[in-house]
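A.B. asks: what follows is a predicted protein model with its sequence.
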Amino acid sequence: METKKCLECDEPIKGRIDKKFCTDYCRNTYNNKVNKESKNLIRNTNNRLRKNYKILSELNVNGKTKVTRTKLFDKGFDFNFFTSIYKTKTGNVYFYVYDQGYLPLENEIYLLIKKD
């Protein structure tokens, strides 16, 4: 009978025939290595969304206000990260970060709104 080896540390495995790791530590270490890249992408994306949300919330205390693109950009707002887009019947396109939205207007002015 062939002895199975742990996928992480190469030690012999005792127990169930379908077991792949010798300990929980080896299983966690192996899975953390395998999933590291996708977890970093998700973590970085969530951090950008969180920062954008915070900026919109701080600038839009009354639920509806206008700001310049420069003001958003200076605070670190990243226009590439949003959670949804809403297009009105009149053709206006609102970008949302959760319940905080913005509508590009003329002359690099943005209307900030909060969805109820």
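C.D. replies: Right, received. Where do you want to start?
A.B. asks: so how far is residue 101 from the residue nearest the centre of the chain?
C.D. replies: For the chain, the residue sitting closest to the mean C-alpha position, by C-alpha atoms, centre = their mean, is residue 46 at 2.3 Å. For residue 46, the distance to residue 101 (C-beta to C-beta, to the nearest Å) stands at 19 Å. Where C-beta positions appear, they are placed from N, C-alpha and C, glycine not excepted.
A.B. asks: one more: residue 82?
C.D. replies: Going from residue 82 to residue 101 by C-beta to C-beta gives 9 Å.
A.B. asks: ok, the two, which is more surrounded?
C.D. replies: residue 101 (23 against 20; other C-beta atoms under 10 Å).
A.B. asks: mutual contacts of residue 82 and residue 101, please.
C.D. replies: Residues touching both residue 82 and residue 101 (C-beta atoms under 8 Å, 6 or more residues apart in numbering): residue 95.
A.B. asks: show me where the protein has its strands.
C.D. replies: 64-68, 84-87, 93-97, 100-104, 109-114 (DSSP state E).
A.B. asks: buried residues, the helix or strand of the chain with the lowest mean pLDDT. List them.
C.D. replies: Here the helix or strand of the chain ranked lowest by mean pLDDT, DSSP states H and E is helix 24-59, holding a mean of 92. Of the residues in helix 24-59, 26, 27, 30, 48, 49, 51, 52, 53, 55, 56, 59 count as buried by neighbour count, 16 or more other C-beta atoms under 10 Å.
A.B. asks: what's the angle from it to strand 93-97?
C.D. replies: 130 degrees (axes from the mean of the first three to the mean of the last three C-alpha atoms, to 10 degrees).
A.B. asks: what's the spacing between helix 24-59 and its chain's center?
C.D. replies: 7 Å (C-alpha atoms, centre = their mean, to the nearest Å).
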